[in-house]
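[1] This is a predicted model, with the sequence first.
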Amino acid sequence: LFQVCTIIFFIPACLQKADLSFGVDIFFNYTLQIVPSIGFMACGYFTMLESSGKCLSLNMNVGYWVGFLNTLGGLGFFLCPILLLPGYVNDWECCDELTTWGGCFSTFLGSCFFWIAGVLECVEFATAHPIW
């Protein structure tokens, strides 16, 4: 699921964006970020479930925190196109800077959460014994 979502997430980066119509631009630049971000959040949640052992148990080991931070990273990437879309669709003079700032800041936070989760994963994978 994570690999499929990653491939879908990076499709807009491979497109020529010069002559896209309004609807095609919204689909490729916003929808193709929203759908994979839901998958990123689901993968983080499934990681939390896998590491805790039970559905309602909160076993706070490193794997649980990796899943939690991946869920927050997916949430940051999910909020980016949702916050940017109103400024793109409507021609509001007051909110262009606010929607751009909110979208960019949520992407920054999502990236930071993914980075911290990646560092924790590297530490966990590099140890010979599980970290509890």
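    Received, thanks.

[2] all contacts plus neighbour counts: C-alpha atoms, from now on.
    Noted.

[3] Not counting its own residues, what contacts stretch 68-79?
    Here stretch 68-79 makes contact (C-alpha atoms under 8 Å, 6 or more residues apart in numbering) with 33-34, 37-45, 48, 103, 106-114, 116-117.

[4] For it, what is the distance to the chain centroid?
    4 Å (C-alpha atoms, centre = their mean, to the nearest Å).

[5] Kindly provide the whole-number mean pLDDT of that stretch.
    On average, the pLDDT along stretch 68-79 is 92.

[6] So which bits of that stretch are buried?
    Neighbour-count burial for stretch 68-79 flags F68, L69, N70, T71, L72, G73, G74, L75, G76, F77, F78, L79 (criterion: 16 or more other C-alpha atoms under 10 Å).

[7] quick one, helices of this structure?
    Counting by DSSP state H, the chain has helices at residues 2-9, 22-26, 32-52, 62-89, 96-126.

[8] quick one: the closest residue to A42 other than its chain neighbours from S51, how far?
    Spatial nearest neighbour of A42, chain neighbours left out: T71 (7.1 Å); criterion: C-alpha to C-alpha, 6 or more residues apart in numbering. T71 sits 14 Å away from S51, going by C-alpha to C-alpha, to the nearest Å.
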